[in-house]
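> Need the 3D shape of this:
(chains A and B)
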Amino acid sequence: MAIATPAAPSVEIPTIPLRELLPWLLMFALLAVLTIFFVSADQGAISIPAGTAIHEWVHDGRHLLGYPCH
Amino acid sequence: MTARTFLIHGLIAGLLAGFAAFLVAYQIGEPPVEAAIALEEAGAPADAHTHESPEAGHSHDDEGGTEVSRQNQSTWGLLTGTVAIGTALGGLVALAAAGVVGRIGRLRPSQSTALVALIGFVAVALVPFLKYPASPPATGNPDTIGDRTSYYFAFLAISLLVAIAATVLGTRLLPGLGGYRTVLVAVGSYLVVLVLAAELMPAVKELGEFPAQTLWEFRRASLLTIATMWATIGVVLVGLVGRAHEKVAVENARRELAASL
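Numbering: from 1, shown residues only, chains lettered A, B, ... in the order given. Here you go, the predicted model:
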């Protein structure tokens, strides 16, 4: 009893239950898709809002990150 | 380890990745972008506002519209873009890593996270770049931007979905086939589907007479920017996840020891 050897032969690998992960994934994926849309595609193929302000502000990033710009 | 742990670490990794990508883009990406804009303005029909204000922004709106100065586009604007995309990608990679942790063979959390970052880079960045590479200012017909945007994101979506399917297939085959054959089958099936999709999808040929040297410099810089972003996300996230897992393991060992006394 007194011998305190670690019981597990190898490191225990945790998993995260999918039902716990899902709300985080859903919420963050929705926000991320919006963010990516504004940087990568807005005021190019479609415009929300109309104009070119967002397109121009992120113009160089859009080109260099590989998105079709204009 | 919880979804929260992963997401927070992913956001940190993504933020750092955004700054790293900005540095690379600013240092090696801006010179070819400037060169392309100079070509565009030299080739453009004599237009009142380009002559009156040579420092004015790179605008595609003939009616004037908002003008952001080149100074702002190449610094704060670029930084906004890289940090926003970096943080979004960092969070997404982290949540994907949270989903696969403990579910891919006997891979430890840092190993499965590294695999997710690697697959993410190949499927989301590298393969779409090979089919629809980044194009500098002064190329591309404004009338086809809708089609080109759809092709790009459609191909990206195909690549991502097939990569996810191949990974799930791999986890199913792993116990029966072993590591080597599983990787061959999973990677092979991804490649077959993507080569087919790339063959079937329309090509974009709108470079015209754009100078090859500037094009190469621009595309190399673009790929390096994207690779920097993914590499930083991967390296930082793997480090943080590995540390978090170690903490949990130490905590568990201590609890077991206490229980055994």
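
> Check which residues of the helix or strand bottoming out on mean pLDDT in chain A are buried.
Ranking every helix and strand in chain A by mean pLDDT, DSSP states H and E puts helix A:53-57 at the bottom, with a mean of 88. Across helix A:53-57, burial judged by 16 or more other C-beta atoms under 10 Å in any protein chain shown covers A:54-57. Any C-beta I mention is one placed from the backbone N, CA and C, and that applies to glycine too.

> what's the answer for stretch B:246-254, then?
B:248-249, B:252-253.

> And for stretch B:25-41?
So, applying 16+ other C-beta under 10 Å, buried residues of stretch B:25-41: B:25-26, B:28-30, B:32-37, B:39-41.

> list the contacts for B:T228?
The contact partners of B:T228, taken as C-beta atoms under 8 Å, 6 or more residues apart in numbering or on different chains, are B:17, B:20-21, B:23-24.

> what about it, which helix or strand?
Using DSSP states H and E, B:T228 sits within helix B:212-260.

> ok now that helix, how far from the chain's centre?
Taking the mean of its C-alpha atoms, helix B:212-260 sits 14 Å from the chain's own mean (C-alpha atoms, centre = their mean, to the nearest Å).

> Tell me the residues on the stretch 101-250 of chain B that lie near chain A, please.
Taking C-beta under 8 Å from any C-beta of the partner chain, the part of the stretch 101-250 of chain B that reaches chain A is made up of B:101-103, B:106-109, B:125, B:128-129, B:132-137, B:140, B:142, B:145-146, B:148-150, B:152-153, B:218, B:221-223, B:225-226, B:229, B:245, B:248-249.

> From these, keep the buried residues only.
Neighbour-count burial (16+ other C-beta under 10 Å) is assigned, among these, to B:101-102, B:107-109, B:125, B:128-129, B:132-137, B:140, B:145, B:148-149, B:152-153, B:218, B:221-223, B:225-226, B:229, B:245, B:248-249.

> Pretty sure B:V162 sits against B:L191.
No - counting by C-beta atoms under 8 Å, B:V162 sits too far from B:L191 to count as a contact (9.5 Å).
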